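# here's a sequence, model it:
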Amino acid sequence: MNEWIELLTVTRTLTTGHYTETVTVNGVWAEERSVKRSEFYQAYAAGLKAEKAFKVNTDELGAASYVRHDGVKYKILRSYRLDAQYTEITVGEQIGATAANSDGGADDGAAAD
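Prediction:
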């Protein structure tokens, strides 16, 4: 495991007619891997751009839906259980999105309205 990544779990809560998003950040060590050619093209056909893949400890992954790596926030596009201990996640963004960090949600662990 040679790369430090942050796994971001977003929890939405409905309170008095308004949704509040809370982002939980969990920093973990991961192994960066290449995105397989078949995965890249399957994602592209679905309107997604697969950019990176990481091998992470399954217990640490939890319900994360985003990854922050080298200051860039990516959506988890796919997860694949490798064995009892590890899961491979493929991350990227939707084609046509302006930037991986511009989804409007909080991404620093703070709540957003």
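# count the residues that sit near Gln85.
The tally of other residues near Gln85 (other CB atoms under 10 Å) stands at 11. For glycine as for every other residue, the C-beta is placed from the backbone atoms N, C-alpha and C.
# what residues does stretch 54-61 touch?
By CB atoms under 8 Å, 6 or more residues apart in numbering, the surrounding residues in contact with stretch 54-61 are 1, 3, 5, 7, 26, 28, 30-33, 67, 69, 79, 81-82, 84-89, 91.
# list buried residues within the residues you listed.
Buried members of the contacts of stretch 54-61, counted by 16 or more other CB atoms under 10 Å: Glu3, Ile5, Leu7, Val28, Ala30, Val67, His69, Tyr86, Thr87, Glu88, Ile89, Val91.
# list of residues touching the lowest-mean-pLDDT helix or strand in the chain?
The helix or strand of the chain with the poorest confidence is helix 37-45; it has a mean of 71 (mean pLDDT, DSSP states H and E). Defining contact as CB under 8 Å, 6+ apart, one finds that helix 37-45 is touched by Lys49, Ala50, Ala53, Leu77, Arg78, Thr90, Gly92, Ile95.
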